[in-house]
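1. Structure for the following, please:
(2 chains)
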Amino acid sequence: MPTSWSDSMEKAPANGGIGATSRASRSTYVPPHLRNRPSSAETSAAPVPHAGPALGNDMQGHVGPAVGGSHSVGHRRDRSGGGGGRGGGGGWNNRSGGWDRGREREANPFQDDVDTEPAFGVQENTGINFDAYEDIPVETSGKNVPPPVNTFAEIDLGEALNLNIRRCKYVKPTPVQRHAIPISLAGRDLMACAQTGSGKTAAFCFPIISGIMTNSQSGPRPPRMPRMAFPVALILSPTRELSIQIHEEARKFAYQTGVRVVVAYGGAPINLQLRELERGVDILVATPGRLVDLLERARVSLQMIKYLALDEADRMLDMGFEPQIRRIVQQMDMPPPGVRQTLLFSATFPKEIQRLAADFLSNYVFLAVGRVGSSTDLIVQRVEYVLETDKRSHLMDLLHAQRANGVQAKQALTLVFVETKKGADSLENWLCINGFPATSIHGDRTQQEREYALRSFKSGKTPILVATDVAARGLDIPHVAHVVNFDLPNDIDDYVHRIGRTGRAGKSGLATAFFNENNSSLARPLADLMQEANQEVPAWLSRFAARSSYGRNRRGGGSGGRFGGRDFRRDSSNRGGGMDYYGSGNNVNGGYGASGGYGGGYGPTVTSAWD
DNA sequence: AAAAAAC
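-> Next comes the predicted model:
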């Protein structure tokens, strides 16, 4: 079903080779001041991307890598206009040494999809179930909130990015994208409460890549320090696998834009990462520990940072990363809030995150997207009473039944969550002994093993993955048909994240939980959550819930049920004299405004936001 | 209590 956006896209081969694309558009040089402009007049109201605050235009004369005296300058500038239809040269940091080497060497990131998922069709690889998002409530607040868009066509991201969006088979933006992208493109700081699987990565990557392309040739150059990398954008995430995944996605979005994306995380040889950094980096995706290491070695400087994105911020704090994050953001050479643009993503919005937001953000827009669990009609949740001693045989029954039902192993991946690393090892072992193709992922396995396990699972080679919470959040694994909570987590939010690994990409999903006395603290929130999701709540679970004390293990921070959090600035204690700040009437874009669907108009209140 | 994360 083509949208106006896809209609307007020029026809291009899905796997368009480098030569083909470049040739197609090389002849149309677009001068810088006309780049990033819509071709049709009606979209002229689109927000103008924010020019980096600290950037002057006085350096414009130094366009291209001229200082290096490279003979390739001319070529590169020719190509820059053509490669993606607009400034494709990347930032100052693209040290590819000329178009011919830099361009040709860029491996096609879309090729990987075919390599790692041979068992599956290419119909949808977004991992996002768009229809399930139609009814997700969205709430924004803050001063002069840029209005959301309904299609990618309304967002002016440029030809190269549009082509990549198309290659990714994204047809329409998810709710978080519809709101966050215009906000980010307008140069605003953003505090977003959104779950993984909501399309967050693209929501912060698109504006960053677009901004880098637009401003790539302007602003001060980084000092010429040998072996020191000067990223323009930094994306921090809590786990290595999440960093890897963000990197893989960002590479797709940045393909043939000249924007270089590099990833740095622990557990892997640092030399390879150092070499990648030396080749030039615009966007650095990193876990905090490895980044601190790189900063201490003076191999990375943050002084050129224009964009900072923190993903899964609440998780990072849970994991004790706050000191390291504060060090990175506040005590190194990163430009302060207001100079850089900061995008903070978190599933929940407790006090600690509010403090972080107050310290890291400047005049931010608050965006809350409904919890994944609130709209997971496609996930059937089952809770079964299983004693600890019976868990293994019960799991085997489930797996046998799954097999008997003709569920093709390769198409129906099963993700089994356990509480401990030891438990993961022994369950994996036990499954293998009993003839089930299983592997496992947890923090005591080497990084190599972790990555291998994930690949093996994704490809369907071992369609059963036993995991600790390392895999609970953020990981986007298409085709997970069944999530088994072999051990239930203590926190209902973790449960929501875990079951969110299924029911993706338009497929229905099943989530089975093994419940017993050890989980009684979870009874009430679990029963409430299932009720909210129109799931059948077993009577025995309701009895457990009634027995457990009131208010225990309820969602903390006063979050309002459907959202992970709410904008604390709107609370009365912060209200003094704040009417001009938050009271202009465009604050709340109708809590349930998204229900109108993507094609139709958005809430009637929205257009006034620009007035 | 356990999980995650730099060497």
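2. Once you drop chain neighbours, what's closest to the residue in the stretch 301-450 of chain A that DNA strand B sits nearest to?
-> DNA strand B sits closest to A:G443 of the stretch 301-450 of chain A, with a gap of 2.1 Å, by CB to the nearest atom of the strand. Every residue, glycine included, has its C-beta placed from N, CA and C. Spatially, and ignoring its direct neighbours in sequence, A:G443 is nearest to A:V470 (5.6 Å; CB to CB, 6 or more residues apart in numbering).
3. what's the answer for A:D311, then?
-> Using CB to CB, 6+ apart and skipping the chain neighbours, the partner closest in space to A:D311 is A:S237 (4.3 Å).
4. so the one you found touches A:V285, yeah?
-> Yes - A:S237 lies in contact with A:V285 (CB atoms under 8 Å); the separation is 7.0 Å.
5. Rounded mean pLDDT for stretch A:152-161, please.
-> Mean pLDDT, stretch A:152-161: 90.
6. Pull out the buried positions in it.
-> Within stretch A:152-161, the residues scored as buried using 16 or more other CB atoms under 10 Å are A:152-161.
7. and the two most separated of these?
-> Taking CB to CB as the measure, those span a maximum distance of 17.7 Å, between A:E154 and A:A160.
8. Pull out the CA atoms of the biggest helix by length in chain A and give them to me as CSV.
-> Looking across chain A with DSSP state H, the single longest helix is helix A:200-215. The C-alpha coordinates for helix A:200-215 follow below in CSV (Å, rounded to 0.1, in the frame of the first residue of the first chain):
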residue,chain,number,x,y,z
LYS,A,200,13.4,5.0,18.7
THR,A,201,16.7,4.3,16.9
ALA,A,202,15.4,5.8,13.6
ALA,A,203,13.8,8.6,15.6
PHE,A,204,17.1,9.9,16.8
CYS,A,205,19.3,8.7,13.9
PHE,A,206,17.4,10.4,11.0
PRO,A,207,17.7,13.9,12.4
ILE,A,208,21.3,13.4,13.4
ILE,A,209,22.3,12.1,10.0
SER,A,210,20.3,14.8,8.3
GLY,A,211,21.9,17.4,10.5
ILE,A,212,25.4,16.2,9.8
MET,A,213,24.8,16.2,6.1
THR,A,214,23.3,19.6,6.1
ASN,A,215,26.0,21.2,8.2
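9. Please pull up the helix or strand immediately following that helix.
-> Following helix A:200-215 in sequence order, the next helix or strand is strand A:233-236 (DSSP states H and E).
10. By mean pLDDT, flag the weakest helix or strand of chain A.
-> Counting by mean pLDDT, DSSP states H and E, the weakest-scoring helix or strand in chain A turns out to be helix A:579-582, with a mean of 26.
11. Run a quick neighbour tally on A:S456.
-> As a burial measure, A:S456 scores 17 neighbours (other CB atoms under 10 Å).
12. ugh, wrong one, I meant A:T389
-> By other CB under 10 Å, 9 other residues sit near A:T389.
13. Also A:P478?
-> 16.
14. Reduced to three states, what does it come out as?
-> coil (DSSP: H, G, I helix; E, B strand; the rest coil).
15. so what pLDDT did the residue of the stretch 301-450 of chain A closest to DNA strand B get?
-> 92.
16. Doesn't it belong to a strand?
-> No - counting by three-state DSSP, A:G443 is not found in a strand; it is coil.
17. contacting residues for it?
-> Counting by CB atoms under 8 Å, 6 or more residues apart in numbering, A:G443 touches A:421, A:468, A:470.
18. how about a cut-off of 10 Å?
-> A:G443 is in contact with A:239-240, A:267, A:421, A:424, A:450, A:468-470, counting by CB atoms under 10 Å, 6 or more residues apart in numbering.
19. coming back round to it: return every residue with contacts to both of A:S237 and A:V285.
-> With contacts taken as CB under 10 Å, 6+ apart, A:S237 and A:V285 have A:201, A:243-247, A:263, A:265, A:309, A:311 as neighbours in common.
20. I'd like the residues you listed as JSON lines, with pLDDT and neighbour count appended.
-> Converted to JSON lines, the shared contacts of A:S237 and A:V285 look like this (pLDDT from 0 to 100; neighbours: other CB atoms under 10 Å):
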{"residue": "A:T201", "pLDDT": "93", "neighbour count": "28"}
{"residue": "A:S243", "pLDDT": "95", "neighbour count": "26"}
{"residue": "A:I244", "pLDDT": "95", "neighbour count": "21"}
{"residue": "A:Q245", "pLDDT": "93", "neighbour count": "22"}
{"residue": "A:I246", "pLDDT": "95", "neighbour count": "26"}
{"residue": "A:H247", "pLDDT": "96", "neighbour count": "23"}
{"residue": "A:V263", "pLDDT": "97", "neighbour count": "25"}
{"residue": "A:Y265", "pLDDT": "96", "neighbour count": "23"}
{"residue": "A:A309", "pLDDT": "97", "neighbour count": "27"}
{"residue": "A:D311", "pLDDT": "94", "neighbour count": "27"}
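21. among the residues you listed, which are in strands?
-> The strands, defined by DSSP state E, take in A:263, A:309 from the shared contacts of A:S237 and A:V285.
22. Next, count neighbours for the residue of the stretch 451-600 of chain A at minimum distance from DNA strand B.
-> Taking CB to the nearest atom of the strand, DNA strand B has its nearest neighbour within the stretch 451-600 of chain A at A:V470, 3.3 Å off. Using other CB under 10 Å, A:V470 has 21 neighbouring residues.
23. close enough to count as contact, A:D390 and A:F514?
-> Yes - here A:D390 reaches A:F514: they are 8.5 Å apart, a contact under CB atoms under 10 Å.
24. Need the residues touching each of the two.
-> Overlap between the neighbourhoods of A:D390 and A:F514 consists of A:E384, taking contacts as CB under 10 Å, 6+ apart.
25. who's more crowded, these two?
-> Neighbours were counted for A:D390 and for A:F514 using other CB under 10 Å; A:F514 has more, 22 against 14.
26. List the residues that contact that one.
-> A:F514 touches A:383-388, A:390-391, A:394-395, A:398, A:484-488, counting by CB under 10 Å, 6+ apart.
27. Restricted to helices, list these.
-> A:391, A:394-395, A:398.
28. among those residues, who's most crowded?
-> In terms of neighbours by other CB under 10 Å, the ones in helices among the contacts of A:F514 top out with A:L395 at 24 neighbours.
29. Kindly reformat the shared contacts of A:S237 and A:V285 as CSV and extend each row with distance to DNA strand B.
-> Shown next, in CSV, are these (distance: CB to the nearest atom of the strand, whole Å):
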residue, distance to DNA strand B
A:T201, 18
A:S243, 8
A:I244, 10
A:Q245, 12
A:I246, 13
A:H247, 13
A:V263, 11
A:Y265, 5
A:A309, 16
A:D311, 13
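30. Is stretch A:421-435 in proximity to DNA strand B?
-> Yes - part of stretch A:421-435 sits near DNA strand B under the criterion CB under 7 Å from any atom of the strand, namely A:421-423.
31. Now A:D567. Nearest residue, chain neighbours left out?
-> Spatial nearest neighbour of A:D567, chain neighbours left out: A:F366 (3.7 Å); criterion: CB to CB, 6+ apart.
32. coming back round to it: so which of the contacts of A:G443 is the most crowded?
-> A:A424 leads these on contacts (other CB under 10 Å) with 28 neighbours.
33. what comes up buried for the helix or strand hosting it?
-> Applying DSSP H and E as the criterion places A:A424 in helix A:421-433. Within helix A:421-433, the residues that count as buried by 16+ other CB under 10 Å are A:421, A:423-425, A:427-428, A:431.
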